[in-house]
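Novice: Quick one: sequence and predicted model below, then my questions.
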Amino acid sequence: MIGVRLLVGTRKGAFVLTSDGKRDKWEVNGPHFAGWEIYHLKGSPVDQNRLYASQSSGWFGQIVQRSNDGGKTWEPVGNKFAYDGVPGTHQWYDGTPHPWEFKRVWHLEPSLHDPDTVYAGVEDAALFQTTDGGQNWTELPGLRGHGSGPRWQPGAGGLCLHTILIDPSDPKRIFIAISAAGAFRSDDGAKTWQPINRGLRSEGIPNPTAEVGHCVHRIAMHRSRPRTLFMQKHWDVMRTDDGGDSWQEVSGNLPTDFGFVIDVHAHEPETIYVVPIKSDSEHFPLDGRLRVYRSRGGGNEWEALTNGLPQRDCYVNVLRDAMSVDSLDPCGVYFGTTGGQVYASANAGDSWTAVVRDLPPVISVEVQTLR
Amino acid sequence: MIRVVLPPHLRTLARVTDEVAVEVDGRPTLGSVLDALEASYPVLRGTIRDHVTLKRRPFLRFFACEEDLSHERPDTPLPDAVVRGAEPFLVVGAMAGG
């Protein structure tokens, strides 16, 4: 059967939403792990029934859950995230040295080839890996050991590693992004890393064009063009066509270029989506109108997509991991809001419907295309 | 046997519905009852105290016999009433948040 499965992480549990290929009727299953914050869930690209979930709580810390049946049942796996060696310090908000402290897993990125291998992006920023299905997690220390590590500083949401992209043509090439250190690339399977922030300009830091210190909110890639990346930075929408060696701004005619999410159409590598948010001090849509913006030319020229989205009195946010696309034709686009709505478009954004309206605040949305 | 009462989220995680009982070798202490609890329910490792430092997580407290044992050393003996099984050892989540 062809269908889609949405994996929705919220402030108070996880939800699994399923539909057939038409994507007009949905079954809602959950909450799983009720009462816990679920920062992210993601399925293995090589086993659609193997899922991983990051479950955390200010009281009880971090749990990682694994499912082998597409989210019907779950089992807790390893939750020990110990930094390699002596952790050292990064900068605190006031610029003083602060010890690296594990807080939570923000993002789980399963391997493209092995369902037991998963990368985890954590706060305080570091990259971990499991090769045994989540039982044991080991830090890949080359990233945090990059010489710039002691200068990294948290964004308002913490010093979080929130984006992990693996190059499908070369799994040793990995891109990650950290708020507020910036983007980094490894060409050798996460052993060594280099900052890839040339071309970014951030007025909120002492040197607006510094090598590190940029508040990158999200990066997206189309699997057919792994050297082209799209970035929603704190302010500014950016693109690179050389694997991050240089970035150009493509905010163009967006009404505001602040935002969190960015994603790429499954079949059109130059069609990208963002949700503009008013500003970093007012985390809601401009004018109370929830609009997805789509560019069919890789940026600069954007069109507002409003059909089915609230166009008055809407003051929700769309967080950085809360947009995803399926690989059906037409491409489905999905996003969740801090107001608990999950919106779906089965026609590449031309029109939208609310799959659910009253979930807890949505932190993340991933989609699996089931075949 | 030492009776241990867990907060609701940890009972769910440990897949128990009521208080649990753990066997402790020798004179039961704050640390040894937590060791025994984690040995019986490995899923609780890291949720009550840090994996590496074994420090209590900040938003949890340990109570017994109407006493707050949260700041006691791990080798602190548990009260006799807890050792006899007359009173439980309580792991309590701070009342905060929404």
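Specialist: Received it, and whenever you're ready, just let me know what you need. Numbers count the residues shown, from 1 in each chain, chains lettered A, B, ... in the order given.

Novice: how close does A:Ser327 sit to chain B?
Specialist: 35 Å (C-beta to the nearest C-beta, to the nearest Å). C-beta coordinates here come from the backbone N, C-alpha and C atoms, glycine included.

Novice: quick check, that residue in a helix?
Specialist: No: secondary structure of A:Ser327 (DSSP: H, G, I helix; E, B strand; the rest coil): coil, not part of a helix.

Novice: Return the residues in contact with it.
Specialist: Each residue near A:Ser327 by C-beta atoms under 8 Å, 6 or more residues apart in numbering or on different chains is listed here: A:266-267, A:369.

Novice: Equivalent analysis for A:Phe33, please.
Specialist: Contacts of A:Phe33 by C-beta under 8 Å, 6+ apart are A:13-14, A:53, A:55, A:63, A:65, A:74.

Novice: between the residues you listed, which has the most around it?
Specialist: A:Ala14 (30 neighbours; other C-beta atoms under 10 Å in any protein chain shown).

Novice: Now do the contacts for that one.
Specialist: A:Ala14 neighbours (C-beta under 8 Å, 6+ apart): A:7-8, A:30-33, A:38, A:41, A:53, A:55, A:71.

Novice: Throw those residues into JSON lines and include pLDDT, distance to A:Val274 and secondary structure, thanks.
Specialist: Shown next, in JSON lines, are those (pLDDT from 0 to 100; distance: C-beta to C-beta, whole Å; DSSP: H, G, I helix; E, B strand; the rest coil):
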{"residue": "A:Leu7", "pLDDT": "98", "distance to A:Val274": "21", "secondary structure": "strand"}
{"residue": "A:Val8", "pLDDT": "98", "distance to A:Val274": "20", "secondary structure": "strand"}
{"residue": "A:Gly30", "pLDDT": "97", "distance to A:Val274": "28", "secondary structure": "strand"}
{"residue": "A:Pro31", "pLDDT": "98", "distance to A:Val274": "29", "secondary structure": "strand"}
{"residue": "A:His32", "pLDDT": "98", "distance to A:Val274": "29", "secondary structure": "strand"}
{"residue": "A:Phe33", "pLDDT": "98", "distance to A:Val274": "30", "secondary structure": "coil"}
{"residue": "A:Ile38", "pLDDT": "98", "distance to A:Val274": "24", "secondary structure": "strand"}
{"residue": "A:Leu41", "pLDDT": "98", "distance to A:Val274": "23", "secondary structure": "strand"}
{"residue": "A:Ala53", "pLDDT": "98", "distance to A:Val274": "26", "secondary structure": "strand"}
{"residue": "A:Gln55", "pLDDT": "98", "distance to A:Val274": "29", "secondary structure": "strand"}
{"residue": "A:Gly71", "pLDDT": "97", "distance to A:Val274": "28", "secondary structure": "coil"}
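
Novice: from the contacts of A:Ser327, which are also near chain B?
Specialist: Contacts with chain B within those, as defined by C-beta under 8 Å from any C-beta of the partner chain: none are present.

Novice: Just give me the closest of those residues to chain B.
Specialist: For these, the minimum distance to chain B (C-beta to the nearest C-beta) is 31.6 Å, reached by A:Thr369.

Novice: For the stretch 251-371 of chain A, which segments count as strands?
Specialist: Using DSSP state E, counting those that start in this stretch, the strands of the stretch 251-371 of chain A run over residues A:258-264, A:272-277, A:292-295, A:303-305, A:323-325, A:333-336, A:342-345, A:353-356, A:362-370.

Novice: picking up where we left off before, whichever of the contacts of A:Ser327 end up buried, select them in ChimeraX.
Specialist: Only the buried entries of these go into this ChimeraX selection, using 16 or more other C-beta atoms under 10 Å in any protein chain shown:
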select /A:266,369
